[in-house]
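Q: just need the structure, nothing else, for what follows:
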Amino acid sequence: MSVAKDELDKLNSCRSGDACTTPLLFSKKMHLLKISSLERLVEEKELIGQTRIDAMLELADRYHHGIGGAKLDSKAASQLFISAAKLGDKYSKAICLQYGYGCEKGDRKAFKLFEELTREGIINIKAEFALGLMYITGGAGIERDNMKAFRLFQNAAKGYAPAQYYLGKCYRDNVCVDENGQPMGKKERDIRALELYRQAEAQKYPLAISGLKDEEMISDLRGVAQNESLKTSGLPPRLNA
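A: Below is the predicted model:
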């Protein structure tokens, strides 16, 4: 049995709660694999098509953000994004343009590709997150729009640590509205921010880990951590103090 076939068999037998009670596409389960398994899938020459691209993207994203058991490694991430882009993956091409991986940097072209990906009718939380970041930073003919970024981060935050962290920042910075489109009070914003930071920290997202050590944040959120609506177990010790 080839390495690729062995790993695909593992993917097909994965179960992660109710969402996996029926067979899913292999690509939807890549996040369940360990780094070593993803590396074997990427290296398997017999494995072609979208499955290998999805393995590349999952591994590249982990190196890019330092999540899912990977350390930050921009060189490894860039090589994987370049390889996936050469295989025709639009998201990888946009990332390469955004960061200048293997090509001339082109924020405006990257922005248009991310926009196209979010409009294709397929859920692409990574493209939504990347587009949200570009709305936050602006530049290269892209008009800053914090509320558009907030909406995109909301969509992308379902299980994706980088989006959870940046959505938490939106709540902290009062760049947000409630479910009815109304302004939110500081206490409610801080409660949501803390919940999101904790979710991102649980996935070992470096910015969330360092963020929960920030003195100002600790001071602001300590009271929130003691709120009866939140369980304090599992919070950073200094927030439980």
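
Q: list the contacts for residue 135?
A: 142, 144-146, 148-149, 152 (Cβ atoms under 8 Å, 6 or more residues apart in numbering). Using the backbone N, CA and C atoms, a C-beta is placed for each residue, glycine as well.

Q: and residue 179, how far is that from residue 57?
A: 32 Å (Cβ to Cβ, to the nearest Å).

Q: the two: who's more crowded?
A: Between residue 179 and residue 57, counted using other Cβ atoms under 10 Å, the more crowded position is residue 57 (24 against 6).

Q: returning to that earlier point: buried subset of the contacts of residue 135 as a PyMOL selection?
A: Buried residues within the contacts of residue 135, by 16 or more other Cβ atoms under 10 Å, are selected in PyMOL with:
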select buried, resi 142+146+149+152
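
Q: just put the contacts of residue 135 in TSV and tack on secondary structure and distance to residue 175.
A: Putting the contacts of residue 135 into TSV (DSSP: H, G, I helix; E, B strand; the rest coil; distance: Cβ to Cβ, whole Å) gives the following:
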residue	secondary structure	distance to residue 175
142	strand	17
144	coil	11
145	coil	10
146	helix	5
148	helix	10
149	helix	7
152	helix	12
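
Q: from the contacts of residue 135, which is closest to residue 39?
A: The nearest member of the contacts of residue 135 to residue 39, counting by Cβ to Cβ, is residue 152 at 30.3 Å.

Q: surely that closest one and residue 125 touch.
A: No - counting by Cβ atoms under 8 Å, residue 152 does not reach residue 125; the two are 9.3 Å apart.

Q: what's near enough to touch residue 58?
A: 30-31, 33, 38, 68.

Q: what's the separation between it and residue 111?
A: Residue 58 is 23 Å from residue 111, by Cβ to Cβ.

Q: show me the contacts for residue 148.
A: 132, 135.

Q: please redo it, this time with the cut-off set to 6 Å
A: residue 135 (Cβ atoms under 6 Å, 6 or more residues apart in numbering).

Q: roughly how far apart are it and residue 192?
A: In terms of Cβ to Cβ, residue 148 sits 19 Å off from residue 192.

Q: how much space separates residue 80 from residue 58?
A: 9 Å.

Q: can I assume residue 197 is in contact with residue 166?
A: No - using Cβ atoms under 6 Å, residue 197 and residue 166 do not qualify as a contacting pair, with a distance of 10.6 Å.

Q: where in this structure is pLDDT low?
A: 1-28, 45, 47-48, 121-123, 214-241 (pLDDT under 70).

Q: can you show me the helices along it?
A: 3-13, 35-43, 50-65, 74-86, 90-99, 107-118, 125-137, 146-156, 161-172, 186-202, 206-211, 215-225, 237-240 (DSSP state H).

Q: follow-up on the earlier one: more crowded one of residue 197 and residue 166?
A: Shown here are residue 197 and residue 166; by other Cβ under 10 Å, residue 197 has more neighbours (28 against 24).

Q: what's the burial count for the closest residue to the more buried one other than its chain neighbours?
A: Taking Cβ to Cβ, 6 or more residues apart in numbering, and ignoring the residues beside it in sequence, residue 197 has residue 168 as its nearest neighbour in space, at 4.8 Å. Residue 168 has 28 neighbouring residues, counting by other Cβ under 10 Å.

Q: again, but for residue 72
A: 13.

Q: now it, what are its backbone angles?
A: With angles defined as degrees, to the nearest 10, residue 72 sits at phi -60, psi 130.

Q: wait, doesn't it sit right on residue 66?
A: Yes - Residue 72 sits in contact with residue 66 when judged by Cβ under 6 Å, with a separation of 3.8 Å.

Q: next one: residue 33 from residue 51, what distance?
A: In terms of Cβ to Cβ, residue 33 sits 12 Å off from residue 51.

Q: and what of residue 40?
A: According to Cβ to Cβ, residue 40 stands 13 Å off from residue 51.
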